[in-house]
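>>> Got a predicted model here, sequence first, then my questions.
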Amino acid sequence: MIRRLWTQRDSLVSDFLSRFEAVSYDDAKVPAEDVYQTAVDTMDMFLYQMAGLELPPDLRNLPREVATRRASQGVPLHSFLEAVRNDFRVLWKGLERVAHGDGVNVLVSNMDRVMDVVEGYVSSIQQSFVEAEALLARDKQLYRQRLLSRLFSAEPKAQQDVEDIAAGLGVRAADTFELLAVIGDAVAEAQRTFLNDRRLHSYERAGVLYIFRQQRAGSWQQEPPGFAAGYIPDIAGLSAVPAAASSALVLARSGGPGLQTVQEAWQRIAAELLEQTLPGFCSGVQEALRKCTDHERARLLQVAESYARTGSIKETSEELYCHRNTVVNRLHSLQQVIGLDLAVPGEASWALIALSTLPEYPRTV
């Protein structure tokens, strides 16, 4: 029976190709000649195995070769297995055609043998496909990390270098990006949060995780992630990402909770730098406010933050749910306590930088 079926190999291949037309490989590009040759080789392999013959050298690694090729072509596993499982139907129909007389009974009694041959192939195919996909994913990730290492390196990059990196990352060099710098315990949380987000590019160096993506509607500033990070939006072009990463790291280290922007963190950063250069720059304001009661200090800091942010007595009164005269009186009290007037720009800068160092100072994020 197997000998008779061997003479009808062309019919087996034609039957398989006819059934294959109903299988979708999605967007994967598999040449027609590849599908045809694979069908020929597969049917030959099955016939050798069902006859109990040793496979020729060119067919011994067929399952692994086919699986590796389909994985690299981007064929979805479920579609691939759907096509492969047609092999049993093709073989069974072929055997039915060549069975004569008592051959039908022989065929039925050997159904398990046919199924074992096909299922063994399916099992080998599936295992090899998964292994090939894992290897491809690892190689792709390694390639991406090498591109990101080039991007974040301190070496000067020509425009063509940036274009090449952008092409490898699947972005345009002139796109606008946003970036997060994450440190400490927040790194693990960030990795869990963005584990399956393929729109992101992440690069870890010296314990800092940098995450960036093309900026779009629903930015991180509008929809903050649930962990602390330094944040830089509106990055003009891929070549500007490394400098933005340096700024985001400074913001992340500024000590504030949540998403740290330049607008939110600049006063604390300025205070730290001024204290390094001019020790005691903030101490006068700090000492003056420590003499106030906790309640009085909280009210003065609250009005200072709101007025500095809005620049309006009216808006401050609305935010704090109090009369405008109350706002004016509290600002006057603050001036008497710290000796600096928030209505005078030069004094206001000094005052706000010093006030930002106090743990009770309200945070906008």
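Okay, I see it.

>>> which residue packs closest to Phe194, ignoring adjacent ones?
Taking CB to CB, 6 or more residues apart in numbering as the measure, Phe194 lies nearest to Leu200, with 5.4 Å between them; neighbours along the chain are not counted. Using the backbone N, CA and C atoms, a C-beta is placed for each residue, glycine as well.

>>> got it, and Leu342?
Distances taken as CB to CB, 6+ apart put Ala348 closest to Leu342, at 4.6 Å, once the chain neighbours are dropped.

>>> Can you tell me how far the one you found is from Thr261?
According to CB to CB, to the nearest Å, Ala348 and Thr261 sit 20 Å apart.

>>> Kindly report the same for Val13.
On the measure of CB to CB, Val13 and Thr261 end up 64 Å apart.

>>> quick one on the thing from earlier: measure the residue nearest to Phe194 to Arg213 for me?
To Arg213, Leu200 is 5 Å away according to CB to CB.

>>> quick one: low-confidence ranges for the stretch 201-350 of the chain?
Residue ranges of the stretch 201-350 of the chain with pLDDT under 70: none are present.

>>> Please enumerate the strands of it.
Shown for the stretch 201-350 of the chain, the strands assigned by DSSP state E, counting those that start in this stretch span residues 201-205, 208-214, 229-236, 259-260.

>>> closest one to Tyr36 among those strands?
With CB to CB, the closest approach to Tyr36 among those belongs to strand 201-205: 39.8 Å.

>>> Format the CA atom coordinates belonging to that closest one as CSV.
As requested, the backbone C-alpha atoms of strand 201-205 are provided in CSV (Å, rounded to 0.1, in the frame of the first residue of the first chain):
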residue,chain,number,x,y,z
HIS,A,201,12.7,51.5,24.1
SER,A,202,14.5,50.9,27.3
TYR,A,203,18.1,51.1,28.2
GLU,A,204,19.7,50.3,31.6
ARG,A,205,23.0,51.6,32.7
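
>>> Who are the packing partners of it?
helix 111-152, strand 208-214 (3 or more CB pairs under 8 Å, 6 or more residues apart in numbering; DSSP states H and E).

>>> got a list of what Tyr210 touches?
By CB atoms under 8 Å, 6 or more residues apart in numbering, Tyr210 lies in contact with Phe152, Leu179, Leu180, Ala181, Val182, Ser202, Tyr203, Glu204, Ala245, Ala248.

>>> Could you rerun that using 10 Å?
By CB atoms under 10 Å, 6 or more residues apart in numbering, the residues touching Tyr210 are 148, 151-152, 179-182, 201-204, 229-230, 241-242, 244-246, 248-249, 252.

>>> returning to what we had before: make TSV from the strands of the stretch 201-350 of the chain and add distance to Asp27 to it.
Below are the strands of the stretch 201-350 of the chain laid out as TSV (distance: least, CB to CB, whole Å):
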stretch	distance to Asp27
strand 201-205	23
strand 208-214	22
strand 229-236	31
strand 259-260	37
